[in-house]
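**Q** pasting a predicted model and its sequence here:
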Amino acid sequence: MTLKTNIGNDSFDSCMMNASGVWCSTVDELEALVKSKAATFVTKTATLAPREGNPLPRVHHFGPNSINSSGLPNEGIDYYLAALANFEATHPNRAFFLSVTELAEDQIETIMQRVHQSDYHGLVELNLSCPNVIGKPQVGYDFETTARILDRTFSYFDQPLGVKLPPYFDVSHFDQMAEILNRYPLTYVNSINSIGNGLVIEQDAVTIAPKQGYGGLGGAMIKQTALANVRAFYTRLKSDIAIIGTGGVTSGRDVFEHLLCGASMVQVGTALLQEGPAIFARLEEELKAIMDEYGYTSIDDFKGKLKNTI
Ligand code: SIN
């Protein structure tokens, strides 16, 4: 039995990895992922300069769920490019993902140019969906701006590029965003980022400090929204745009459902934060047991094959 999968021209021995923002801010954390059963890693979303992020406390867990308003704390693009150069040198047969964004359109161009001119030629994820930067809307909810950024980026950017999207909740938004994404030679689409601007209350108070307690929701409670978005884009996008499914994964069954909806790779966020990188061994074992039960020997046997009848 194999869990091998591909994203664009890159092959991976497994179909599970971290979600950007979780266990990926420092070289030590990335190293722990490389040593785990994860297929690969994606870095914390890098900006041009290092950022401290929002005031603490900014992450709160409730059961298998979380709320965060981290605000893109990161070490800056140069740190992650240097880290990737080292990981690529020590693991020449493995592909990794670099996540990037910036807070304004012209700065997005600057960081994409910076990556383009660097020695890193691997997979890049443009984060269009962080809900936690104070005063900045999520780009992925602004269809015109998204198209303008992709037009500009693809005028020079020639390495494998994916976009991290926010969740959509209306069929017309699935349609409109898919129509835009289908114009570009994207390698993949990653659905979903956290469900932005939730509010979690304990006793009589909010649970995180920034933004009067508003933050992105993650964990088990967002799985159904994530699956709907994965399925919506899998059924609307060109077949050469792979889907990465993110959201609500706590078990092998959740991974199986993301794959069934059409994901080629599944990312783990809140549950990885709660359980640590050992989670990938557990998820792998649980997924393999389910595949065994159905008689599947590879993920291609069931990827995208969700039945529409009951
Ligand atoms: C954050 O740093 O605020 C979380 C990352 C994201 O939601 O994109």
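**A** Nice, thanks for sending it over. Numbering: from 1, shown residues only.
**Q** okay, buried residues for stretch 162-182 please.
**A** For stretch 162-182, a neighbour-count test (16 or more other CB atoms under 10 Å) marks 162-168, 173-174, 177-178, 181 as buried. Placement of C-beta: from N, CA and C, glycine included.
**Q** wondering if it reaches the ligand at all.
**A** No. No part of stretch 162-182 sits near the ligand under the criterion CB under 6 Å from any ligand atom; the closest distance found is 6.9 Å.
**Q** likewise stretch 97-116?
**A** No. If you take CB under 6 Å from any ligand atom as the test, stretch 97-116 misses the ligand, and the best it gets is 7.3 Å.
**Q** give the rounded mean pLDDT of that stretch.
**A** What stretch 97-116 shows for mean pLDDT is 98.
**Q** tell me how far that stretch lies from the chain's centre.
**A** 16 Å (CA atoms, centre = their mean, to the nearest Å).
**Q** who touches that stretch?
**A** Here stretch 97-116 makes contact (CB atoms under 8 Å, 6 or more residues apart in numbering) with 17, 20, 40-48, 72, 77, 80-81, 84, 120, 122-128, 130, 133, 136, 145, 148-149, 152-153, 156-159, 162, 164.
**Q** mind doing that once more with 6 Å?
**A** Stretch 97-116 is contacted from outside by 20, 42-43, 45-48, 77, 80, 84, 123-125, 127, 133, 136, 149, 152-153, 157, using CB atoms under 6 Å, 6 or more residues apart in numbering.
**Q** and stretch 296-310, which residues are buried?
**A** 296, 299, 302-304, 306.
**Q** return the subset of the contacts of stretch 97-116 lying in strands.
**A** If you go by DSSP state E, these have 123-125, 127 in strands.
**Q** considering only these, which also neighbour the ligand?
**A** Applying CB under 6 Å from any ligand atom to the ones in strands among the contacts of stretch 97-116, those adjacent to the ligand are residue 127.
**Q** near the ligand, which residues of the stretch 201-310 of the chain are found?
**A** Going by CB under 6 Å from any ligand atom, the residues of the stretch 201-310 of the chain near the ligand are residue 216.
**Q** which residue ranges form the helices in the stretch 201-310 of the chain?
**A** Taking DSSP state H, counting those that start in this stretch, the helices of the stretch 201-310 of the chain run over residues 223-236, 252-261, 270-275, 279-294.
**Q** now the last one - C-alpha only, PDB.
**A** As requested, the backbone C-alpha atoms of helix 279-294 are provided in PDB (Å, rounded to 0.1, in the frame of the first residue of the first chain):
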ATOM      1  CA  ILE A 279       0.500  12.900  14.800                       C
ATOM      2  CA  PHE A 280       1.600  12.100  11.300                       C
ATOM      3  CA  ALA A 281       2.500   8.500  12.300                       C
ATOM      4  CA  ARG A 282      -1.000   8.100  13.900                       C
ATOM      5  CA  LEU A 283      -2.800   9.600  10.900                       C
ATOM      6  CA  GLU A 284      -0.900   7.400   8.500                       C
ATOM      7  CA  GLU A 285      -1.700   4.300  10.400                       C
ATOM      8  CA  GLU A 286      -5.400   5.300  10.600                       C
ATOM      9  CA  LEU A 287      -5.700   6.200   6.900                       C
ATOM     10  CA  LYS A 288      -4.000   2.900   5.900                       C
ATOM     11  CA  ALA A 289      -6.500   0.900   8.000                       C
ATOM     12  CA  ILE A 290      -9.400   2.700   6.200                       C
ATOM     13  CA  MET A 291      -7.800   2.100   2.800                       C
ATOM     14  CA  ASP A 292      -7.400  -1.600   3.700                       C
ATOM     15  CA  GLU A 293     -11.000  -1.900   4.700                       C
ATOM     16  CA  TYR A 294     -12.100  -0.500   1.300                       C
END
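**Q** buried stuff in that helix?
**A** 279-280, 283-284, 286-287, 290-291.
**Q** also the first one?
**A** Taking 16+ other CB under 10 Å as the basis for neighbour counts, the residues of helix 223-236 that come out buried are 223, 225-234, 236.
**Q** closest to the ligand out of those?
**A** Proximity of the buried residues of helix 223-236 to the ligand was ranked by CB to the nearest ligand atom; the top entry is residue 226 with 13.7 Å.
**Q** I'd say that closest one and residue 192 touch.
**A** Yes. In this structure, residue 226 is within contact of residue 192 by CB atoms under 6 Å, at 5.0 Å.
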